[in-house]
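Asks: Below: sequence and its predicted model.
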Number of protein chains: 2
Amino acid sequence: MVYDLWYWTGIPGRGEFVRLALEAAGLPYRDRAREPNGEEAMLRDMRAHPLCPPFAPPYLVAGELVIAQTANILLYLGEKHGLAPDDVAGRLWVNQLQLTIADVVTEAHDSHHPVAAGLYYDEQQQEARRRADDFRNSRMPKFLGYFDAVLAARGDWLAGGVRWSYADLSLFHLVDGLLYAFPKRMETLVRQYPRVTELHARVAGLPELQDYFKSDRRLPYGDGIFRHYRELDSA
Amino acid sequence: MVYDLWYWTGIPGRGEFVRLALEAAGLPYRDRAREPNGEEAMLRDMRAHPLCPPFAPPYLVAGELVIAQTANILLYLGEKHGLAPDDVAGRLWVNQLQLTIADVVTEAHDSHHPVAAGLYYDEQQQEARRRADDFRNSRMPKFLGYFDAVLAARGDWLAGGVRWSYADLSLFHLVDGLLYAFPKRMETLVRQYPRVTELHARVAGLPELQDYFKSDRRLPYGDGIFRHYRELDSA
């Protein structure tokens, strides 16, 4: 089966967490909104599933299944393709990690859009300065410290064992996005949380992802979740 | 087995979504942090699971399992006790709905705390006015309209069929919290989205929840996710 991934074009966004899992597992997929007239097609397609409508992209169409919410898509792919442990404890643990990563992703977005996603950054820059201060000083160390402690207890990968789970790929992308958005702050934090930094390097070096990283399927950062504004960053 | 639920005392909070599922399913549990010295015990207990630490409450201890993240706890309870359909499509669909509800919950919280959860409301009241405006005018209708459309397609319950799933209980509590926090705005919206209002009434009338609603196990709203500030509400 070829999966259909639907997500906004032009940014890695939340779609990237799904892409990384599909790519690292070598699963065939089409990035449908990136095809000609793809975003129009996506808006049409979203209305074509009245019994299980996605509230928002990303969503994955897998034969008869229409699956939205990033963590839910990864839960499905993880179970079906062995991208997470298959015992109850391991499966729930990886889902729990993914949901915690999703929380940081929302907070990273809101650090530059604390008032409304529908307004421009310039219209909420004042508020963004205050929220980004709190995100950098209080939230980033709390979250990165948490994942660092998990790696200290578990070893190379968040669920233990000798192979990555989809949560490791997601943590890689989270750290990667934070390095892009908050380079000064991260210069401090990568020293404090070396295991998270090592995990980032470990995923960056996975043989199964090298083609993807070199391809134009991996989108550059832009006006998405992870944005770099100099005035929002500081060591 | 008697479940141990751990969550902050004094507010319904995110713990309430778990409580409703436990209560409606008639599952025995202890609300551990509400026992004498319970919050102290919780802070100690959170440090006692280094291999699978909760990032934050709520979390559920089920024998050997330690499960955090509200949607993850409900996924577990749903599978184990039949509180969601047991086919792949139905299970993922209910999880997807729960994750969408979780997104609204975060936005409802941030409508009064758009800068930092660690600061008082008074310290971010200016920012809260702007964020609450957007939440009321743009986000609330979008989310409630989404759930209304699902009920229009599915019938009495979000996953179809003749019995509630845990997502129905959660949507009840979401609507209930919004009615408390934004009474003026909801007076308008309940007319526009009657199916969501009917779902709220349907769950409020479930025989299996009447004892709970009358008990002190159901906590009143307070300084939690759903807060009523007159200056943040408007029709």
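Replies: Looks like it came in fine. These numbers come from a predicted model, not from an experiment.

Asks: quick one, what contacts A:A71?
Replies: A:N95, A:Q98, A:L99, A:A102, B:A71, B:L99 (CB atoms under 8 Å, 6 or more residues apart in numbering or on different chains). Just so you know, the C-beta spots here come from the backbone N, C-alpha and C atoms, and that holds for glycine as well.

Asks: helix/strand/coil for the third one?
Replies: Applying DSSP: H, G, I helix; E, B strand; the rest coil to A:L99 yields a three-state assignment of helix.

Asks: any idea how far it is from B:P183?
Replies: Taking CB to CB, to the nearest Å as the measure, A:L99 and B:P183 are separated by 31 Å.

Asks: Those two: who's more crowded?
Replies: When A:L99 is set against B:P183 and neighbours are counted by other CB atoms under 10 Å in any protein chain shown, the residue ahead is A:L99, at 23 against 13.

Asks: Summarise which helices and strands the helix or strand A:H173 falls within is packed against.
Replies: In the assignment (DSSP states H and E), A:H173 maps to helix A:166-181. Packing contacts for helix A:166-181, counted by 3 or more CB pairs under 8 Å, 6 or more residues apart in numbering or on different chains; DSSP states H and E, involve helix A:15-24, helix A:70-81, helix A:88-112, helix A:140-154, helix A:183-192, helix A:194-204.

Asks: what's the angle between the third one and helix A:70-81?
Replies: Put plainly, it is helix A:88-112. Orientation note: helix A:88-112 sits at an angle of 150 degrees relative to helix A:70-81 (axes from the mean of the first three to the mean of the last three CA atoms, to 10 degrees).

Asks: next one: helix A:88-112 to chain centre, how far?
Replies: A distance of 9 Å separates the centroid of the chain from that of helix A:88-112, by CA atoms, centre = their mean, to the nearest Å.

Asks: and after that helix, which helix or strand comes next?
Replies: In the C-terminal direction, the helix or strand that comes right after helix A:88-112 (DSSP H and E) is helix A:125-134.

Asks: Other residues contacting that following helix?
Replies: Residues lying outside helix A:125-134 but in contact with it, judged by CB under 8 Å, 6+ apart, are A:110-115, A:121, A:229, A:231-233, B:114-116, B:118-119, B:124, B:127, B:130.

Asks: buried residues in stretch A:52-68?
Replies: Neighbour-count burial for stretch A:52-68 flags A:52-55, A:57-62, A:66-68 (criterion: 16 or more other CB atoms under 10 Å in any protein chain shown).

Asks: how much space between the nearest residue to A:H173 once chain neighbours are set aside and A:L174?
Replies: Counting by CB to CB, 6 or more residues apart in numbering or on different chains, A:H173 lies nearest to A:E16, which is 5.6 Å off, once chain neighbours are set aside. In this structure, A:E16 and A:L174 are 10 Å apart, going by CB to CB.

Asks: Repeat that for A:A116.
Replies: Summarising the geometry, the distance separating A:A116 from A:L174, computed by CB to CB, is 23 Å.

Asks: repeat for A:Y229
Replies: 18 Å.

Asks: Between those two, which has more neighbouring residues?
Replies: Between A:Y229 and A:L174, counted using other CB under 10 Å, A:L174 has the larger neighbour count: 24 against 15.

Asks: can you pull the contacts of that one?
Replies: So A:L174 contacts A:I101, A:V104, A:V105, A:A108 (CB under 8 Å, 6+ apart).

Asks: isn't A:V94 right up against A:A159?
Replies: Yes: the pair A:V94 and A:A159 qualifies as a contact (CB atoms under 8 Å) at a distance of 5.4 Å.

Asks: which neighbours do those two share?
Replies: Jointly contacting A:V94 and A:A159 under the rule CB under 8 Å, 6+ apart are A:A84, A:P85, A:S165, A:A167.
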